[in-house]
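Student: Build me a structure from this.
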Amino acid sequence: MATGKKFNVDPKCIAKWVNQYQSGGIDAIKPKTSKAHYSSEFKLNVLKTMFEQNLSQSEIALKFNISSPALISHWYKAYQQQGMNGLIPEPKGRPSMTKPFITDKPDEEKTLAELKRELEYLRAENAYLKKLDVLLREKKQAEKKRGSLKD
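Tutor: Purely as a prediction, here's the structure:
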């Protein structure tokens, strides 16, 4: 209590840190440098242990060194709604770009949609190459200017 008052920190927070330290040592209370990634098997094991041992989310988070007990609640809800599929980590970020589907059929056999898709792709490719050409020319001119200034 005195430490909390001296540093103006909530006593519950201090109690949590003490429990973490007692459970996992200094590494348990150090700030994490990167976001933890948990496998679906690990998540399921955490949930099973929580129910088998009748532990609270805070207790199970402490036992498995999980930074946020709320994360366990999220896993439980996902498991209830989707089963094991709810525990599988989803890829983050944008999906990777793939080449548009351009068939090897002769032009006469392609549908109108296939021809339009191919035309759109070729126009974009052409615009990209033109822009690249302009940038390379500008770079060469800038290098020539710098070279002539040195003489």
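
Student: I'd like to know which helix or strand in this protein has the lowest mean pLDDT.
Tutor: helix 26-29 (a mean of 69; mean pLDDT, DSSP states H and E).

Student: What's the first helix or strand after it?
Tutor: Counting by DSSP states H and E, the element after helix 26-29 in chain order, helix or strand, is helix 40-52.

Student: Summarise which helices and strands the helix or strand following that following helix is packed against.
Tutor: Using DSSP H and E, the helix or strand that follows helix 40-52 in sequence is helix 57-63. The contact analysis (3 or more Cβ pairs under 8 Å, 6 or more residues apart in numbering; DSSP states H and E) places helix 57-63 against helix 11-24, helix 40-52, helix 69-82. (Glycine included, C-beta is placed from N, CA and C.)

Student: what does helix 57-63 rub up against?
Tutor: 16, 19-20, 23-24, 46, 49-50, 55, 66-73 (Cβ atoms under 8 Å, 6 or more residues apart in numbering).

Student: are any of the residues you listed buried, and which?
Tutor: Among the contacts of helix 57-63, those scoring as buried are 16, 19-20, 46, 50, 55, 66, 71-72 (criterion: 16 or more other Cβ atoms under 10 Å).

Student: Just the pLDDT for the nearest residue to Ile88 once chain neighbours are set aside.
Tutor: For Ile88, ignoring the flanking residues on the chain, the nearest one in space by Cβ to Cβ, 6 or more residues apart in numbering is Ser40 at 4.8 Å. Looking at Ser40, its pLDDT is 90.

Student: Thanks a lot, see you next time.
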